[in-house]
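> Structure for this input, please:
(one chain, ligands or ions: 2)
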Amino acid sequence: MKLCFLGTGAADYSRELLETVPDRFAPDIRRCSAAILGGKYLIDAGPHVLDSLRIAGYPAGAVTDLLMTHLHKDHFNPENIGTLAAGREQPLRIWVREDAELPEIQGTEIRRMKLYERYQVGSDLAVTGLPANHGQGTRPQHFLMEYAGRKIYYALDGAWILNGAFNALKEAHLDLLILDGTCGDYIGDFRLAEHNSIPMIRMMLPSFATTGAIDDHTVIYISHLARTLHKSHAETSAICEASGFHVARDGLTIEV
Ligand SMILES: [Zn+2]
Ligand SMILES: [Zn+2]
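Ligands and ions are numbered 1, 2, ... in the order given. Take a look at the predicted model:
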């Protein structure tokens with residue numbers, strides 16, 4: 001199972017930095033959060049997704065499905081999705097929460113998802129959307145993905161975990177858990193109502209372990225790191241490794 005982080009930043013990415021390194025990934029330069037699973041399932045498509053796919057070496061034409069976590073601008077860019085969808089024989093399927101309102105995008109087909117229902121997205125991927133604590137107008141959902149015998153929970157964007165999602169993950173024994181790590185290692189930021197800080201993650205993980213959502217084999221990463229709220233990648237990584245989880249960076253591929 002290969003998951004590649006195409007972007008690990010929040011909405012406060014730096015345009016200046018992107019101009020400095022437009023054609024490569026660098027640990028301290030975070031493009032808007034997105035990921036690709038198995039080379040064909042794209043999670044979110046924000047302003048940098050086309051560049052990220054090119055840099056990571058994934059042909060855009062191989063993407064069959066786009067899974068949308070929510071409709072904030074750093075995750076949803078209709079123009080880039082139109083480019084991704086252009087010139088295909090089969091439409092690009094966009095999986096969204098059932099109540100999401102999307103503009104018309106040529107070459108796409110909308111698949112609407114009810115929370116808690118399991119959808120067969122491709123022959124090797126089934127996805128269940130679970131509720132997320134994030135701007136409700138953006139129709140947020142987190143994804144429990146069953147891919148090639150592995151279980152992944154992709155929980156961006158969102159703060160803490162809602163009761164329904166917590167219960168749905170009991171005994172999941174996730175292989176990979178990816179959490180929102182927008183805020184840094186301090187207490188007292190206003191964003192905690194819709195994003196996690198590192199102290200929140202330290203508190204959540206032992207509770208996940210008590211229900212069997214995770215266990216000793218689960219690989220845990222944070223992503224969606226705000227540029228203005230974190231130290232360097234190396235410093236943040238050292239802080240998080242000490243608490244048993246890792247920090248994603250753009251271009252990182254995880255195999256579990
Ligand atoms: Zn975001
Ligand atoms: Zn968001």
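> how about the nearest residue to Ala168, chain neighbours excluded?
Closest residue to Ala168 apart from its sequence neighbours, by C-beta to C-beta, 6 or more residues apart in numbering: Leu130 at 5.4 Å. Where C-beta positions appear, they are placed from N, C-alpha and C, glycine not excepted.
> How about residues contacting the helix or strand hosting Leu205?
Assessed by DSSP states H and E, Leu205 sits inside helix 198-210. Helix 198-210 has contacts (C-beta atoms under 8 Å, 6 or more residues apart in numbering) with 159-161, 166, 169, 177, 179, 181, 183-187, 192, 196, 214-215, 220, 222, 239-240, 243-245.
> Kindly format the C-alpha coordinates of the helix or strand following that helix as CSV.
As assigned by DSSP H and E, the chain's next helix or strand after helix 198-210 is strand 219-223. The C-alpha coordinates for strand 219-223 follow below in CSV (Å, rounded to 0.1, in the frame of the first residue of the first chain):
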residue,chain,number,x,y,z
VAL,A,219,1.7,4.1,11.9
ILE,A,220,0.7,7.6,12.8
TYR,A,221,1.3,10.8,11.0
ILE,A,222,0.2,14.4,11.3
SER,A,223,-0.3,16.6,8.2
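> quick one: strand 219-223 to helix 198-210, angle?
150 degrees (axes from the mean of the first three to the mean of the last three C-alpha atoms, to 10 degrees).
> Can you point out the buried residues in the helix or strand that strand 219-223 is followed by?
Toward the C-terminus, strand 219-223 is succeeded by helix 233-241 as the next helix or strand (DSSP H and E). Across helix 233-241, burial judged by 16 or more other C-beta atoms under 10 Å covers 233, 236-237, 240.
> For helix 233-241, name the packing helices and strands.
helix 198-210, strand 246-247 (3 or more C-beta pairs under 8 Å, 6 or more residues apart in numbering; DSSP states H and E).
> which parts of the stretch 101-250 of the chain sit against ligand 2?
Neighbours of ligand 2 within the stretch 101-250 of the chain, by C-beta under 5 Å from the ion: Asp157.
> For ligand 2, what is the nearest residue in the stretch 101-250 of the chain?
Ligand 2 sits closest to Asp157 of the stretch 101-250 of the chain, with a gap of 3.7 Å, by C-beta to the ion.
> How much space separates Thr83 from Val96?
Per C-beta to C-beta, to the nearest Å, Thr83 is found 19 Å from Val96.
> Between these two, point out the one with more neighbours.
For Thr83 versus Val96, neighbours defined as other C-beta atoms under 10 Å are more numerous around Val96 (22 against 16).
> in a strand, that's where that one is, yeah?
Yes: assessed by DSSP: H, G, I helix; E, B strand; the rest coil, Val96 belongs to a strand.
> Bridged to it, which residues?
Arg112 (DSSP bridges).
> surely it meets Met113?
Yes: if you go by C-beta atoms under 8 Å, Val96 and Met113 touch, sitting 6.7 Å apart.
> ok, the residue nearest the centre of the chain - contacts?
With distances taken as C-alpha atoms, centre = their mean, the residue of the chain nearest its centroid is Leu156 (4.8 Å). Counting by C-beta under 8 Å, 6+ apart, Leu156 touches 33, 44, 69, 142, 178-180, 223-224.
> what about burial for these, which qualify?
If we count by 16+ other C-beta under 10 Å, these have these buried: 33, 44, 69, 142, 178-180, 223-224.
> Tell me which two in the residues you listed are the farthest apart.
Asp44 and Leu179 (15.2 Å; C-beta to C-beta).
> Around ligand 1, which positions in the chain sit nearby?
So the chain meets ligand 1 at 74, 157 (C-beta under 5 Å from the ion).
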